[in-house]
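Novice: Take a look and give me a structure for this.
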Amino acid sequence: MSKKVITPMQIIAADSNSRTISGRIVTFEETGNASIGKVQFAQGSIEPTSVLLNLEHDRTRRIGKTLSIYATKQGIDATFKIAETTAGNDALVEAQEGLRDGFSVEVMFDEYETMNDGTVRILKGELTGVALTSEPAIRSARVESVAATEDDQISDSTIEPESPTTEGDEVEDTVKDASTAETVEAAQSVTAAAKPAALANPLDSQRVRTPIVNKATYLEHSVRATLGNEQSKLYVAAAADTTDNAGLVPTRQLTEVINGISNADRPFIDSVSTGALPDAGMTFEIPKITVAPTVAVASEGGTPSNTDMNSAFVSVNVQKFIGQQTFSLEILDRSSPAFFDELVRQMEYAYAKATDVAVGTALINGGTDGGNRAALTTGALVADFVSDAAVSIYKGTLGFAQNIVVSPEQWGALMGLVDGSNRPIFQQTINPQNAGGTLTATAIRGNLLGLNLRVSTALTDGSGIGDNTLIVVNPTAYTWYESPRLQLSTNVINTGQVNVAYYGYGAVATKLGAGSYRYMVS
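Specialist: Residues are numbered from 1 along each chain as shown. Down below sits the predicted model:
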């Protein structure tokens, strides 16, 4: 069962020029006193992650957000951007005056050990929140800078309403069972940092001071404004003004990315054999028997069969598969880490697509033309095509057809085939009357007359059921050789942008062209 620990730390600095408060929020391998006794964080036990800054652990009194956070061998340091609200301005003053200059971290943990002196040593935990508090616990974590305004002053007349909580601002409470979760609150001494300047900014007459601080007060004054209250109309107009702030309902961008155009599937590569690419050279050769020895019946004293074995070499070309992205230094410095996660993922998808198309092209170009056929509108026509392919592949390679790659349209057509009693031919039932295979709408892999079926969007040709939309394969007849995938190369170009290249090397060996058999329509 996960437990929750609230361990205060002392702020290191508060910068009055940029409205930030900085400090160490977690110190590794240092003991602090808590209500359950002593608590210690093992080095690396907490991963840095962006969280909201609350006031005294009150989630309804949010005063800032993470601007930067990073881990060192000593602990985790963070800088928080403080909101231009009454509470935010007060927090900056209190931090500078040493009145409220402690950080208190909220950590969920379920991996820990109890030391001989009773100290709870946390081995692995999740950072779920940080609070500005007046009672920090661990002496080594202190404030470094407090920033209020560009003039190093805070004016009570220019305070904007506190931004309301929105769905994107919620910090998930990860206590799985509140009845058994354990709260640990620690306390320790405070040390003050720089003092604030005088509070002397003149009144900003262009900004309406408003009581709208959350959705409830917004609703109240929007109703009063509708009924004709002039003051409420001003309040609602100020709250709705998004020219210099996010408004009450800001537009949030989630880390979820919608992608309906690419994935990591490689149906062709999955349908052939694979091997490790040689470590040098842009070509390599594979020996291939072209003439085999013979044995024949000979009469007594007769001449034996004497056919010399001959061989040749299949030359295989190594190809480089590469893509690149160019982006600004601003994205590098200021973007969410999710940008880089998604960039790597999308380049992986692009690499998968390019390499799979290369293998599919080799199967089409090197394979056997299945002849002109009618559209596969019946189970008999499907069986005829598969049986012809099996015979052709065995005769040409002395190996067996094992896989078949089809277009999405052919996949759908095969699923829809029924027998004379309108029973699906290629869909499994509890007591199957037909043993033709198993195809379902929820999986792009199945079984067609004993062949492993895979679906490839690369085979769609407009109609989707024309030439080369079904390819039967003997996997030993073709081999895909590949280097380690997605090697990275970065460079800062003369425009001040960052160029990132993703690349790998691969080669398709057509060992026995007769090992693939293509569907062709009449």
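Novice: From K395, how far out is the closest residue to M347 other than its chain neighbours?
Specialist: Using C-beta to C-beta, 6 or more residues apart in numbering and skipping residues adjacent in sequence, the residue nearest M347 is Y502, 4.2 Å away. Any C-beta I mention is one placed from the backbone N, CA and C, and that applies to glycine too. Separation of Y502 from K395 (C-beta to C-beta, to the nearest Å): 42 Å.
Novice: Repeat that for S489.
Specialist: 47 Å.
Novice: For L470, give me the pLDDT.
Specialist: As predicted, L470 sits at a pLDDT of 94.
Novice: Now for it: which residues touch it?
Specialist: Listed by C-beta atoms under 8 Å, 6 or more residues apart in numbering, the contact set of L470 reads L376, F385, I404, V405, V406, S407, Q410, L459, R518, Y519.
Novice: What's the per-residue pLDDT of the fifth one here?
Specialist: At V406 the predicted local confidence, pLDDT, stands at 93.
Novice: excluding its backbone neighbours, what's nearest it?
Specialist: Of all residues not flanking V406 in the chain, L470 sits nearest, at 4.9 Å (C-beta to C-beta, 6+ apart).
Novice: I'd guessed L449 sits against V382; true?
Specialist: Yes - with contact defined as C-beta atoms under 8 Å, L449 and V382 form a contacting pair (7.2 Å).
Novice: what stretches of the stretch 101-250 of the chain score poorly on pLDDT?
Specialist: 135-210, 213-215, 238-250 (pLDDT under 70).
Novice: Swap in 90 and give it another go.
Specialist: Within the stretch 101-250 of the chain, the segments meeting pLDDT under 90 span 101-122, 124-250.
Novice: Make TSV out of the contacts of L470 and add distance to E300.
Specialist: Below are the contacts of L470 laid out as TSV (distance: C-beta to C-beta, whole Å):
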residue	distance to E300
L376	57
F385	51
I404	52
V405	55
V406	58
S407	61
Q410	60
L459	60
R518	51
Y519	54
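Novice: If we only consider the residues you listed, which is nearest to I364?
Specialist: Using C-beta to C-beta, R518 comes nearest to I364 of the contacts of L470, at 6.3 Å.
Novice: hang on, isn't that closest one packed against I364?
Specialist: Yes - using C-beta under 8 Å, R518 is in contact with I364, at 6.3 Å.
Novice: Can you work out which residues contact both of these two?
Specialist: By C-beta under 8 Å, 6+ apart, R518 and I364 have these common neighbours: N468, I471.
Novice: so the residue nearest to M347, which of the three states?
Specialist: For Y502, the assignment made with DSSP: H, G, I helix; E, B strand; the rest coil gives strand.
Novice: now the one 5 residues further on
Specialist: Reducing the assignment at A507 to three states with three-state DSSP gives strand.
Novice: give me every residue that touches it.
Specialist: A507 touches L277, F284, V316, N317, V318, Q319, W480, Y481, E482, counting by C-beta under 8 Å, 6+ apart.
Novice: what's the answer for L449, then?
Specialist: L449 makes contact with V382, A383, V386, G436, G437 under the criterion C-beta under 8 Å, 6+ apart.
Novice: Name the nearest residue to it, ignoring sequence neighbours.
Specialist: Nearest residue to L449 in three dimensions, chain neighbours excluded: V386, at 4.7 Å (C-beta to C-beta, 6+ apart).
Novice: Distance of the residue nearest to G515 when sequence neighbours are not counted relative to I289?
Specialist: Spatial nearest neighbour of G515, excluding adjacent residues (C-beta to C-beta, 6+ apart): A477 at 2.1 Å. A477 sits 14 Å away from I289, taking C-beta to C-beta as the criterion.
Novice: How about S328?
Specialist: Distance of S328 to I289, computed by C-beta to C-beta: 57 Å.
Novice: The two: which has the busier surroundings?
Specialist: Neighbours per residue, other C-beta atoms under 10 Å: of S328 and I289, the larger number sits with S328, 13 against 10.
Novice: For stretch 63-80, buried residues please.
Specialist: Of the residues in stretch 63-80, I63, G64, T66, L67, I69, A71, G75, I76, D77, A78, T79, F80 count as buried by neighbour count, 16 or more other C-beta atoms under 10 Å.
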